[in-house]
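Visitor: Pasting the sequence and the predicted model now:
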Amino acid sequence: MSGSVEGFRVEISRGRCLKDPTKVMIEAFYPEGFGDSVEMLALILPPLKARYSRQNRCTTIINEGRLIGVYSDGRILFCAKDMDEIRSILKYVRNLLEEASRLVREKGPPRVEDVEAYGRISVFKLYDYLPKTNCGLCGYSTCIAFATKVLQGEAKLKDCSLLSIYEWKHLVIKLEKDFNTTILKSLGWFA
Ligand code: SF4
């Protein structure tokens, strides 16, 4: 079965989703392709919610336990149970792609090396930029727990209030030197 949903041509296969057999595999297609927006897509999401593959020119988004593959040639692959779910997923991906495309127009395409480095930011790497006092002011009992939530997109880096104190300015200088503005925005360092 095929049709048009949210501006995409959608093919609903008979193949069952391997992870959840109540769902079927969906292939949506945008004939013009997504070009460099696919790399930018990986930069605007938290590192634990998206992974870029240089080999496949694909960003895999992890959303509510579901994997959504977005390819530069215009394909979007995911599993869904009905049309409402298909529509909702495609609307979510389309909004992300519009934001990614706007950033590519404004800033130019991101370097693949930067996208891959962003995807490799680990909890321990981010921890290096935190004061490591485990003061709990951010709402998490340890800096490690806070770093994990930031990488999952469930907390914002600016919520570590100690980073605004002069004593920790050297960490802010390092942070702003090591990461570009798109990455800092994705980590919640600024709006
Ligand atoms: S506010 Fe900052 S220093 Fe305090 S626990 Fe949270 S991350 Fe660590």
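Guide: All right, it came through fine.
Visitor: The ligand contacts on this structure?
Guide: Counting by Cβ under 6 Å from any ligand atom, the chain comes close to the ligand at 130-131, 133-138, 140, 143, 146, 160-162. Placement of C-beta: from N, CA and C, glycine included.
Visitor: can you do 8 Å?
Guide: Within the chain, the positions near the ligand by Cβ under 8 Å from any ligand atom are 130-143, 145-147, 159-163.
Visitor: Buried among those? Need that as a selection in PyMOL.
Guide: Buried subset of the residues of the chain next to the ligand, written as a PyMOL selection, criterion 16 or more other Cβ atoms under 10 Å:
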select buried, resi 130+131+138+140+142+143+145+146+147+160+162+163
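Visitor: which element follows the strand or helix carrying Y92 toward the C-terminus?
Guide: Take DSSP states H and E as the rule and Y92 turns out to sit in helix 83-107. Note on helix 83-107: by DSSP H and E, the next helix or strand toward the C-terminus is helix 112-119.
Visitor: Just list what that next one packs against, helices and strands only.
Guide: Here helix 112-119 touches helix 37-44, strand 50-53, helix 181-186, going by 3 or more Cβ pairs under 8 Å, 6 or more residues apart in numbering; DSSP states H and E.
Visitor: Domain-wise, how is this protein divided?
Guide: Domains of the chain are assigned by automatic domain parsing as 2-115, 122-186.
Visitor: Any chance of CSV for those domains, columns mean pLDDT?
Guide: Converted to CSV, the domains of the chain look like this (pLDDT from 0 to 100):
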stretch, mean pLDDT
domain 2-115, 90
domain 122-186, 94
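Visitor: longest single strand anywhere in this protein?
Guide: strand 8-16 (DSSP state E).
Visitor: Sheet partners, orientation included, of that strand?
Guide: If you go by DSSP bridges, strand 8-16 pairs up with strand 2-5 (antiparallel), strand 24-29 (antiparallel).
Visitor: So for S88, which of these sits nearest?
Guide: With distances scored as Cβ to Cβ, the stretch of the strands paired with strand 8-16 nearest to S88 is strand 2-5 (10.1 Å).
Visitor: can you give me how far the closest one is from the chain middle?
Guide: 26 Å (Cα atoms, centre = their mean, to the nearest Å).
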